[in-house]
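[1] Need the 3D shape of this:
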Amino acid sequence: MGGRIDLNCDMGEGFGAWRMGTDEAIMPLITSVNIACGFHAGDPDTMRRTVGCAVRHGVAVGVHPGFPDLIGFGRRDMNVTPEEARNFVLYQIGALSAFVRAQGARLSHVKAHGALYNRAARDPQLASAIALAVKEYDPSLVFIGLANSELVRAGERLGLRVASEVFADRTYQPDGSLTSRRLPHAMVTEPREAAARVIRMVREGKVKTIDGQDCSVRADTVCIHGDTPGALEFAQAVRQELEGAGIEIGPL
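    Predicted structure coming up:
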């Protein structure tokens, strides 16, 4: 029994002379990349460099828009209106698309970052604002959202191509949300355990929550974070385990 999954990773999240993660090493292991656009991380040089790396490796390029919060890395919630969110997401899509077009490629998808993603997962108005920005720019783009969340529902309402996302290295709450990074046991740090969870999500559509219960999920794409310690070894192990289980890995 096989299955299919896209492996995505958030990249281009350095800023100026400061580098985050091992993007060049992880890029060949994934099939989709979500690139920061200067609001929560990233800058023009980093954006161009990361797009170029993705193009060389045949990785699908996506936009990773976040709150305008460089100091907090986009992981702090911000009080913005839906109209403000719509506009700064559209702004970030436009910024990255210039670098993609300049290198002869095309955008594949959009996936919100950090606190913007987490709040929109439960806030229908914010989710709709992000989805609307995607539709305004290009309704053929894939809109990635947390499985069973308001992001997925907003994209479907607007007729977008929606991909439900699951996480290899995060634990789940009983309602299907991700455990806050501020809480204990938020992260799955053992690669084989992470891979086993992903395999079950792909094949059975279920994940074990923090309280030991099963939660139903749809798994179109799985996120492997590139900014955690040992990220390269983690990505290598997860991909190896998935392929060993007969799961096909390919872009959205």
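[2] For F15, give me phi and psi.
    Here is the backbone geometry of F15 (degrees, to the nearest 10): phi -160, psi 120.
[3] Please give me every residue in contact with G159.
    Listed by Cβ atoms under 8 Å, 6 or more residues apart in numbering, the contact set of G159 reads K135, P139. Where C-beta positions appear, they are placed from N, C-alpha and C, glycine not excepted.
[4] three-state assignment of it?
    Of the three states, G159 takes coil according to DSSP: H, G, I helix; E, B strand; the rest coil.
[5] ok, and what's touching stretch 83-100?
    35, 37-39, 44, 47-48, 51, 61, 63, 65-66, 68, 80, 106-107, 110, 112, 116, 120, 126, 129-130, 132-134, 136-137.
[6] can we see that at 6 Å?
    Contacting residues not belonging to stretch 83-100 are listed as 35, 37, 39, 47-48, 51, 61, 63, 65, 107, 126, 129-130, 132-133, 137 [Cβ atoms under 6 Å, 6 or more residues apart in numbering].
[7] what do you get for stretch 138-148?
    107, 109-111, 121, 131, 134, 151-152, 155, 160-166, 176, 217-218, 252.
[8] Pull out the buried members of those.
    Buried subset of these (neighbour count, 16 or more other Cβ atoms under 10 Å): 107, 109-111, 121, 131, 134, 151-152, 155, 160, 162-166, 176, 217, 252.
[9] Give me the neighbour count for P174.
    When counting by other Cβ atoms under 10 Å, one arrives at 12 neighbours for P174.
[10] again with the one 5 residues further on
    Here the number of neighbours of T179 (other Cβ under 10 Å) works out to 18.
[11] I'd guessed it sits against M187; true?
    No: at 8.4 Å, T179 does not count as touching M187 under the criterion of Cβ atoms under 6 Å.
[12] just to revisit the earlier point, so which of the contacts of stretch 83-100 comes closest to L7?
    Sorting these by how near they are to L7, with Cβ to Cβ, puts V61 at the top with 14.2 Å.
[13] List the contacts of that closest one.
    For V61, the contacting residues are V51, A54, V100, A105, S108, by Cβ under 6 Å, 6+ apart.
[14] three-state assignment of it?
    strand.
[15] For it, list each beta-bridge partner.
    Beta-bridge partners of V61, counted by DSSP bridges, are V33, L107.
[16] one step back: from the contacts of stretch 138-148, which land in strands?
    L107, H109, V110, K111, R161, V162, A163, S164, E165, V166 (DSSP state E).
[17] Okay, now stretch 11-28: how far is its last residue from its first?
    End-to-end distance for stretch 11-28, by Cα to Cα, to the nearest Å: 13 Å.
[18] thought G3 was touching R203?
    Yes: counting by Cβ under 6 Å, R203 is a contact partner of G3 at 5.2 Å.
[19] low pLDDT regions in this protein?
    Along the chain, the parts satisfying pLDDT under 70 run over 1.
[20] buried residues in the helix ranked longest in it?
    With DSSP state H setting the assignment, residue counts place helix 82-102 as the longest helix in the chain. Residues of helix 82-102 classed as buried: 82, 85-86, 88-90, 92-93, 95-97, 99-100 (neighbour count, 16+ other Cβ under 10 Å).
[21] Extract the C-alpha trace of that helix and format it as PDB.
    C-alpha atoms of helix 82-102 as PDB (Å, rounded to 0.1, in the frame of the first residue of the first chain):
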ATOM      1  CA  PRO A  82      -8.500  41.600   7.000                       C
ATOM      2  CA  GLU A  83      -7.900  44.300   4.400                       C
ATOM      3  CA  GLU A  84      -4.400  44.900   5.700                       C
ATOM      4  CA  ALA A  85      -3.600  41.200   5.600                       C
ATOM      5  CA  ARG A  86      -4.900  40.900   2.100                       C
ATOM      6  CA  ASN A  87      -2.700  43.800   1.000                       C
ATOM      7  CA  PHE A  88       0.500  42.700   2.600                       C
ATOM      8  CA  VAL A  89       0.100  39.200   1.400                       C
ATOM      9  CA  LEU A  90      -0.400  40.400  -2.200                       C
ATOM     10  CA  TYR A  91       2.600  42.700  -1.800                       C
ATOM     11  CA  GLN A  92       4.800  39.700  -0.800                       C
ATOM     12  CA  ILE A  93       3.500  37.500  -3.600                       C
ATOM     13  CA  GLY A  94       4.400  40.300  -6.000                       C
ATOM     14  CA  ALA A  95       7.900  40.700  -4.600                       C
ATOM     15  CA  LEU A  96       8.800  37.000  -4.900                       C
ATOM     16  CA  SER A  97       7.200  36.600  -8.300                       C
ATOM     17  CA  ALA A  98       9.600  39.200  -9.700                       C
ATOM     18  CA  PHE A  99      12.600  37.000  -8.800                       C
ATOM     19  CA  VAL A 100      10.900  33.900 -10.000                       C
ATOM     20  CA  ARG A 101      10.000  35.400 -13.400                       C
ATOM     21  CA  ALA A 102      13.500  36.800 -13.800                       C
END
